[in-house]
Every structure is written in structure tokens, then in C-alpha cells.
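Enquirer: Here is my input; please provide its structure:
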Amino acid sequence: MSVIELWVYLSTSPLLWLTATLGAYVIADRLSQRVDRNPIANPVLIAVLLLMALLKISGTAFPVYFEGAQFVHFMLGPATVALAVPLVQNFAEVRRNLVPMLAALAVGSLTAVSSAVAIAWLLGADTTLIASIAPKSVTTPIAMGISERLGGLPAVTAILVILTGIIGAVIVTPLMNLAGIRDWAARGFAAGVSAHGIGTARAFLVNPVAGTFAGIGMGLNGVITALILGLAVAFLA
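Expert: Sure, this is the predicted structure:
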């Protein structure tokens, strides 16, 4: 059997694309380690680029790829729930910062939703696209559900969520350093609210306390964003 024939056979197997997804992330993570976790060398961004190149070269359609990679997508839910573990481990620190956290959550969530909607509206986006953009700062499983309920396109929302997370994870460290914010709880919470799961993963790489507060920010932002958008739709209806 030639290499081409072998590839044609394997490309129809869901296991191939699950392996490719995990392999791309392992390579990306190793590259990130080599450059001492530089924010620009984000493992998710590198893995996405590697997979895009592989799909383009092989001529593989996204539905075929996703048939194998959907297990990783499914694990987003359990991974989000598992963030409760560091929350319990650092509960005393969380309780001490409860009031500033709630204030930051309210401001951050409102800013994320209103700025996205306002910019899309000013650029002439239709209601379907605006509904798809609105929850872009929420973790993927929640954002796609919100988008669908609002009449948006969940697939578009997923892309925007990933882009938001990657951009946030890349700029969060230099931005916090530039602003002179040294408190790990504040840095982590900001990353979780603005860059959801990808920002949370970056925060855990930098500091465990930052990762804990990023997970809290991500979870709470999902809840408050759903409430904000739900109330807005009810009010405008």
C-alpha cells in the first residue's frame, strides 16, 4: 500500500483527527516551553495553526475533522466543572476578595457584551451576526448555547470565542505588567472574565492563584453574561 493510499484510508477514521489534535497541542506546548512560556507562543494558537495547515494540505473538510476531534470539544464541559477543585483549595483567598471580584465581574461582563454589540452594530452587522458576537467572552459551551438561544450562529460564536481567548491569553501578561498590576488574584480574575478558558489555562501556567481566580471569573462571567443578554432580549422584545 502506498503512502497516498494509506493516507486516504486513515483520513476517514475519526481516531486520526483526535490523534492529530492531541499531537498538535503536544508539539505546541513543547515549543512554548522552549521559549519559556512567552505569551506570544500560546500553545492553543500554535496548535490551531498546525491543524489549519494540516487540513489545508490534506484537503480535509471541517466536518470530517470534527467527527474525530469532537471528543476534545465534549471534554470542555467536564474541564470547566473541574475548576471547582482549585476554588475549594483557595476558598479563604476567594472569600477575602469577594467584594472586589463582584464589582470587577459586573464591569467586565457589561463592557465585554456592550462593546462587542456596539462595534458590530456600528459596522453594519445584521441581528444574526450581532447575536453570534455578543457572548464571545464566555467559554465555548456556554457561549454556543447563548448564541443559539439568541438566534445567532453557534459555529461563528465558537470561532469568535477561540479568537477572543487566544488574543486575551497573548496580551494579558504584558498588559498587566504595563498597568502595574501585581496581585495574582486580580490578574487571574481579569484573564478569566475577558479570555475565558484559554485565558484561564494561561493563568494556571503563570501562577496557581491566578489560575484559580481566572477559573472563577470564567464561570461567573458565563452566568452573568447569560443573564444580561437574556434580560436585554426580553426588554427589547
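
Enquirer: How about the contacts made by residue 226?
Expert: Applying CB atoms under 8 Å, 6 or more residues apart in numbering to residue 226 gives the contacts 135, 138, 142, 146. (C-beta placed from N, C-alpha, C; glycine too.)

Enquirer: any chance of the residues you listed in a markdown table, with pLDDT and neighbour count too?
Expert: Listed next are these as a markdown table, based on pLDDT from 0 to 100; neighbours: other CB atoms under 10 Å:
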| residue | pLDDT | neighbour count |
| --- | --- | --- |
| 135 | 88 | 33 |
| 138 | 86 | 31 |
| 142 | 81 | 22 |
| 146 | 85 | 23 |
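
Enquirer: per the record, what domains does the protein have?
Expert: By the record's domain assignment, the chain is partitioned as 1-74, 83-237 (automatic domain parsing).

Enquirer: sorry, back to before: from the contacts of residue 226, pick the one nearest residue 200.
Expert: Of all the contacts of residue 226, residue 200 sits closest to residue 138, with 12.2 Å by CB to CB.

Enquirer: Remind me which helix or strand the closest one belongs to.
Expert: Assigned by DSSP states H and E, residue 138 belongs to no helix or strand.

Enquirer: Can you report phi and psi for it?
Expert: Torsion angles at residue 138 (phi, psi; degrees, to the nearest 10) stand at phi -100, psi 150.

Enquirer: got any ranges where the chain has weak pLDDT?
Expert: Where the chain drops to pLDDT under 70, the residues are 1-14, 80, 83, 233-237.

Enquirer: Let me see the ranges of the strands in it.
Expert: Assigned strands in the chain: none (criterion: DSSP state E).

Enquirer: Quick one: the helices in it, in order.
Expert: Using DSSP state H, the helices of the chain run over residues 3-10, 14-34, 43-58, 62-74, 76-82, 84-89, 91-96, 98-122, 127-133, 140-150, 154-179, 184-206, 208-236.

Enquirer: now, of the ones you listed, which is deepest in the fold?
Expert: Ranked by mean neighbour count, the helices of the chain are led by helix 184-206 with a mean of 26 (mean count of other CB atoms under 10 Å).

Enquirer: For that one, which helices and strands make contact with it?
Expert: With contacts taken as 3 or more CB pairs under 8 Å, 6 or more residues apart in numbering; DSSP states H and E, helix 184-206 sits against helix 43-58, helix 76-82, helix 98-122, helix 140-150, helix 154-179, helix 208-236.

Enquirer: 10 Å - rerun?
Expert: Other helices and strands packing on helix 184-206, by 3 or more CB pairs under 10 Å, 6 or more residues apart in numbering; DSSP states H and E, are helix 14-34, helix 43-58, helix 76-82, helix 91-96, helix 98-122, helix 140-150, helix 154-179, helix 208-236.

Enquirer: Let's have the ones you listed in a markdown table, adding distance to residue 187.
Expert: Below are the helices and strands packed on helix 184-206 laid out as a markdown table (distance: least, CB to CB, whole Å):
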| stretch | distance to residue 187 |
| --- | --- |
| helix 14-34 | 19 |
| helix 43-58 | 19 |
| helix 76-82 | 20 |
| helix 91-96 | 13 |
| helix 98-122 | 11 |
| helix 140-150 | 22 |
| helix 154-179 | 5 |
| helix 208-236 | 5 |
